[in-house]
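Peer 1: Quick one, what's the 3D model for this:
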Amino acid sequence: MRLSIAFVGAGPTTLYTLAALLPAARPGLAINVFEEAATAGLGSPYRPGWNDPAMLSNIASIEIPPVGETLLSWLRRLPRPECDALGLDPDTADERTFVPRVALGAYFRDQFAVLAEGLRARGAEVEILTGARVIDAAILEAGIRLTVAMPQSPAQDRVFDYAVLATGHQWPSRQEARPGYFTSPWPAAGLSRIGPVSVGIRGSSLTAIDAAIAVAAAHGRFERREDRLVYTLQAGAEGFGVTMMSRKGLLPEADFFFPLPHAPLSILTREAITALTARADDDVLDRAFDLFKRELTLADPAYARDIGLDDADIETFAERYFQRRTAVDPFRWAEENLDEARRNHADRVTVAWRDAILRMHEVMAAIAPHLTGVAFARFNTHLKPVFVDNYSSVPHESIERMLALHRAGRLEVLALGDDHQIDTRPSEGGAVLKRGDGERRHFPVFIEATGQRALSGLQFPFLTLLEQGVVQDQVEDEDAPATRGIRIDDHFHPVADSGPVERLFCLSLPFIMGRHPFVQGVTSSHQIGRIVGAALASIGAGIVAGSEAGIGAVAPLTEVAA
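Peer 2: Got it, this is the predicted structure:
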């Protein structure tokens, strides 16, 4: 019997889903992958042109779940000219080295090709169409219809038994929405054309750092002199400067050393969270935070005493967590934190409280679907920023570059607080920052770089699924509205009142962030891929056995082309 599965998007999430499906591959399995870009396997965070060659990934080989081989082993067998072209040095790289984003994309591209051949070797039919844009999707009683547009060809309807929507990040269609106002830093190639002017960047995370580096690389160069990175401005670019701004005005911290695999948690365990959420009361968030406090105190009693954890609630803990950094110049803190992080990496020293918060974030995420609107807003406003700050530590070289730009007089970081307004429609273009004290600053170029945010169902890219009621907003409390993405279940099927929704998997990042608040990066792609790949493998096994065993298994549908 024949089973057809379509994948919309060919980034890391599809890669890991196919890897989980590989052991169940067999003759009769037809896999179709539709990728809008020219190359499969890259994903937008790692695509050339989309990313400047200077941009670094913030995940090292030791953290990346391998498909066939590790990133480090791939790097070490790469011909030297290819290493040079990707900005790699195989002689100095180790399992904790951060590589350029485009290099990580090349690794995923190669793993995708190897995986496709592995599926074919097991008898599966694999068709990978690049330059293919899926413009609509619809759920039918007998399967999923995709409308596919190809260059120089009319749109075509194709029907599959199952479809996996893994479209990744979703940014505004126009990067420079108005003269001088950029709605996102992507693609980075668009930033390289910015002239030597005063550039404002909203955000101070790695996304904002990447934007600053992309613009800086167009007007100068970074070079190492003895033990210090230096930024040298090009002649004629004297008007160039960057102002990064955020509410707290903090730079991210440097990547800290932590052992892998992670040690198990003792108190804030998955079992404890499952027991909490099963009670379905209004105190889930505070009860989970009590477990968090006990786990953090067990891991690092000195830190717990220093921060006053015992009497802290969610709001006061978040304030105390950031308080030491907000009281210090961000560049001074960055320099001292970088020195500490380098020493700890060299000596393989783990800062217990940092490691404990890192280990707890994925477990704590499980409460998100069970929070009411008010509790979800508290979680998003106070506790989530702590976890994000912790796991979003950046490569040491990224901090070095910020320090080099600052020493060259080309970078400042502003703490905006709450009393400010940013006008993105001034008559002179760019944006104007207005502060409560009367200060007014005009930036001829302004870049939004706060990262991917959760999107509502109205922004879902496939209109027919919306019209059918298959895709619906996740709304918990009308008194505390918050964008929480779309309704999905534990297997990433949409939650709808009718229709065979088990045929569809929605993995599109901005639309599942309400249920999965930390779903960013390669490890998230791996976790999602394992769940969906196992579900598809189970379906395939049931069909081979002539039954409807497995998660949502139904009678297979032969693919047709209209």
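
Peer 1: shaky segments in the stretch 451-562 of the chain?
Peer 2: In the predicted model of the stretch 451-562 of the chain, residues 476-482, 542-562 satisfy pLDDT under 70.

Peer 1: just so I have it, where are all the strands in it?
Peer 2: 504-506, 560-561 (DSSP state E, counting those that start in this stretch).

Peer 1: and if you look at the stretch 301-450 of the chain?
Peer 2: Going by DSSP E, counting those that start in this stretch, the stretch 301-450 of the chain shows strands at 411-415, 420-423, 431-435, 440-443, 445-448.

Peer 1: helices and strands of this structure: which one has the lowest mean pLDDT?
Peer 2: Using mean pLDDT, DSSP states H and E, strand 560-561 stands out as the lowest-scoring helix or strand of the chain, at a mean of 28.

Peer 1: Would you pull up how far stretch 242-254 lies from the middle of the chain?
Peer 2: In this view, stretch 242-254 has its centroid 19 Å away from the chain centroid, taken as CA atoms, centre = their mean, to the nearest Å.

Peer 1: List the buried residues for it?
Peer 2: Neighbour counts over stretch 242-254 (16 or more other CB atoms under 10 Å) mark 242, 243, 244, 245, 246, 249, 250, 251, 252, 253, 254 as buried. Bear in mind the C-beta positions are built from the backbone N, C-alpha and C, glycine included.

Peer 1: thinking again about what came up before, so for residue 210, which of the strands of the stretch 301-450 of the chain sits nearest?
Peer 2: Among the strands of the stretch 301-450 of the chain, strand 445-448 comes nearest to residue 210, with 10.3 Å by CB to CB.

Peer 1: what helices or strands is the closest one leaning on?
Peer 2: Judged by 3 or more CB pairs under 8 Å, 6 or more residues apart in numbering; DSSP states H and E, strand 445-448 is in contact with strand 181-182, strand 198-202, helix 206-217.

Peer 1: Parallel or antiparallel, list what pairs with it.
Peer 2: strand 181-182 (parallel), strand 198-202 (parallel) (DSSP bridges).

Peer 1: can you count the residues close to the closest residue to residue 388 other than its chain neighbours?
Peer 2: For residue 388, ignoring the flanking residues on the chain, the nearest one in space by CB to CB, 6 or more residues apart in numbering is residue 518 at 7.4 Å. Neighbour count of residue 518, defined by other CB atoms under 10 Å: 18.

Peer 1: residues touching residue 518, list them.
Peer 2: The contact partners of residue 518, by CB atoms under 8 Å, 6 or more residues apart in numbering, come to 361, 362, 365, 384, 387, 388, 391, 524.

Peer 1: would you turn the residues you listed into TSV with distance to residue 2 and neighbour count?
Peer 2: Below are these laid out as TSV (distance: CB to CB, whole Å; neighbours: other CB atoms under 10 Å):
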residue	distance to residue 2	neighbour count
361	42	18
362	37	17
365	38	19
384	44	19
387	44	20
388	44	16
391	42	17
524	32	20
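
Peer 1: Looking at those, which one is closest to residue 60?
Peer 2: residue 391 (13.5 Å).

Peer 1: wait, that closest one sits on residue 361?
Peer 2: Yes - if you go by CB atoms under 8 Å, residue 391 and residue 361 touch, sitting 5.8 Å apart.

Peer 1: Need phi/psi at the spatially closest residue to residue 514 that is not a sequence neighbour.
Peer 2: Distances taken as CB to CB, 6+ apart place residue 484 nearest to residue 514, at 2.9 Å, with adjacent residues excluded. Per-residue torsions, residue 484: phi -120, psi 20 (degrees, to the nearest 10).

Peer 1: Return the residues in contact with residue 484.
Peer 2: By CB under 8 Å, 6+ apart, the contact list for residue 484 reads 376, 454, 473, 474, 475, 476, 513, 514, 515.

Peer 1: Show me the shaky parts of the stretch 151-300 of the chain.
Peer 2: 280.

Peer 1: With the stretch 301-450 of the chain instead?
Peer 2: For the stretch 301-450 of the chain (pLDDT under 70), the answer is none.

Peer 1: Cool, thanks, signing off.
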